[in-house]
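Asker: let's see this in three dimensions:
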Amino acid sequence: MKKLIVTAVLACCFTGAIAQDGGTLSQKAAEATRALTPQLGLDDARILKVKSLTYQRLQQEQEVERMYAGDADARKTKLQAVADAYYAQLKTVLTPTQLHRYEQLVASTAPAAAPAQAVAAQHP
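Answerer: All right, here's what the predicted structure looks like:
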């Protein structure tokens, strides 16, 4: 359940980043990684891996937004799948301590994403 909430919140965060004007996906991935680096204590190798994963996620989310622009339910389902895959990949890159910090960070933004939590709760 917690994993689903975390991924739902991230989906909202990244989807919002895509929707905003300015910057390429690469720049947005770099900015997101730059913001996470001090909070998670990422080393240089993990910075590169997280940036790459984030870039891939942004690309996938952009494609989902384009393909399912007219179907909100399908879009939510596909974005959730992208978020789940991102989280699974992130778990292989981060240390347990970094992953815990990441989950705490995401949990601290959860109140702003209450609708996403409701969707996540429906997907056990």
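
Asker: can you dump the C-alpha coordinates of stretch 34-43 into CSV?
Answerer: Provided in CSV are the C-alpha atoms of stretch 34-43 (Å, rounded to 0.1, in the frame of the first residue of the first chain):
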residue,chain,number,x,y,z
ARG,A,34,19.8,17.9,-8.5
ALA,A,35,17.0,18.5,-6.0
LEU,A,36,17.2,14.9,-4.7
THR,A,37,21.0,14.8,-4.4
PRO,A,38,21.5,16.6,-1.1
GLN,A,39,18.3,15.2,0.4
LEU,A,40,19.2,11.6,-0.3
GLY,A,41,23.0,12.0,-0.1
LEU,A,42,23.6,10.6,-3.6
ASP,A,43,27.1,9.9,-4.8
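
Asker: from L79, how far off is the most far-flung residue of the chain relative to its centre?
Answerer: Distance to the chain centre peaks in the chain at G70, reaching 22.2 Å (criterion: CA atoms, centre = their mean). Going from G70 to L79 by CB to CB, to the nearest Å gives 15 Å. (Glycine included, C-beta is placed from N, CA and C.)

Asker: swap in E65?
Answerer: Separation of E65 from L79 (CB to CB): 8 Å.

Asker: who has more neighbours, those two?
Answerer: Taking other CB atoms under 10 Å, E65 and L79 do not tie; L79 has more neighbours (24 against 15).

Asker: need phi/psi at the more buried one.
Answerer: The phi/psi pair for L79 (degrees, to the nearest 10) reads phi -60, psi -40.

Asker: is it correct that T37 is in contact with K49?
Answerer: No - using CB atoms under 8 Å, T37 is not in contact with K49; the gap is 12.0 Å.

Asker: for V64, which non-adjacent residue is spatially closest?
Answerer: Of all residues not flanking V64 in the chain, K78 sits nearest, at 4.4 Å (CB to CB, 6 or more residues apart in numbering).

Asker: so where does that neighbour fall, helix or strand?
Answerer: K78 belongs to helix 72-93 when assigned by DSSP states H and E.

Asker: same question for E61.
Answerer: With DSSP H and E as the test, E61 turns up in helix 44-67.

Asker: helix 72-93 and that helix, what's the angle between them?
Answerer: Between the axes of helix 44-67 and helix 72-93, defined by axes from the mean of the first three to the mean of the last three CA atoms, to 10 degrees, the angle is 170 degrees.
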